[in-house]
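1. here is my input, please return the structure:
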Amino acid sequence: MSDNNKSLLNDAGILNLEDASVVMVYTEWNDHIINELVAGCEKSLAQYKVAKTNKIVVPGAFELPYACKQYWEATEGTGNQPGAIIAFGCVIRGETPHFDYVCKAVTEGILQLNLQLPVPVIFGILTVDNEQQALDRLGGAHGHKGEEAAITALKMIALQRSLAKS
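-> Got it, this is the predicted structure:
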């Protein structure tokens, strides 16, 4: 993780996950921010030698839950299903209530996926008032949310594996 990461999230409990598979589903909107989230995620996954990754691009944040579910269903029974899915997006408040509707829908969609799918769907969506707040979450005062999403995914895969052994 970044040296200047102010997050309380640490990597304790991530052991021997080289065989893990993670899919990143991310948006085209605010691509300069999203690309940094994805790059941070890839950096952290590589640090733990997780090489089985896939990336899916969707137009906007509203489409993230649909794409996550469709990816899961398309890979069901193929042996290529991921151990975790990470959804990346960045919704920046504007002058209309559109921000509120999109944030609520995406949040509820990711929640529903976590209750329905047998793998975790990690919430990597930045919901910010302005672009600077988003940039502050790419390695600034609020840590690197892409790196944190990768750590969260790996911790959840480890949790799922430990529960399966119980």
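
2. residues contacting stretch 60-75, please?
-> 23, 25-29, 54, 56, 58, 81-82, 85, 87, 89-91, 102-103, 105-106, 109-110, 112-113, 116-117, 119, 121, 125 (C-beta atoms under 8 Å, 6 or more residues apart in numbering). (C-beta placed from N, C-alpha, C; glycine too.)

3. likewise for stretch 108-118?
-> L64, P65, Y66, C68, K69, W72, I85, A87, P120, V121, F123, I125.

4. and the lengthiest helix in the chain, how far from the chain's centre?
-> As assigned by DSSP state H, the longest helix anywhere in the chain is helix 145-165. From the chain centre to the centre of helix 145-165 is a distance of 11 Å (C-alpha atoms, centre = their mean, to the nearest Å).

5. can you give the strand pairings for the helix or strand bottoming out on mean pLDDT in the chain, parallel or anti for each?
-> Among the helical and strand segments of the chain, the one scoring lowest on mean pLDDT, DSSP states H and E is strand 138-140, with a mean of 91. Sheet pairing of strand 138-140 (DSSP bridges) gives strand 143-144 (antiparallel).

6. now stretch 126-135: buried residues?
-> Counting neighbours by 16 or more other C-beta atoms under 10 Å, one finds that the buried residues in stretch 126-135 are L126, T127, V128, Q133, A134, L135.

7. ignore the last one, stretch 20-39
-> Judged by neighbour count (16+ other C-beta under 10 Å), stretch 20-39 contains these buried residues: 20-27, 29-30, 33-34, 36-38.

8. same deal with stretch 42-56?
-> Here stretch 42-56 shows E42, S44, L45, Y48, V50, T53, I56 as buried, counting by 16+ other C-beta under 10 Å.

9. repeat that for stretch 70-86.
-> Burial within stretch 70-86, assessed by neighbour count using 16+ other C-beta under 10 Å, is assigned to Y71, W72, Q81, P82, G83, A84, I85, I86.

10. pLDDT averaged over that stretch, what's the number?
-> Mean pLDDT, computed over stretch 70-86, is 96.

11. all strands of this structure, in order?
-> 21-27, 52-58, 84-92, 121-128, 138-140, 143-144 (DSSP state E).

12. ok so, going back, tabulate the buried residues of stretch 126-135 in CSV, adding columns for pLDDT and distance to I157.
-> Converted to CSV, those look like this (pLDDT from 0 to 100; distance: C-beta to C-beta, whole Å):
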residue, pLDDT, distance to I157
L126, 98, 23
T127, 97, 25
V128, 97, 28
Q133, 96, 29
A134, 96, 27
L135, 96, 29
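
13. no further questions, thank you.
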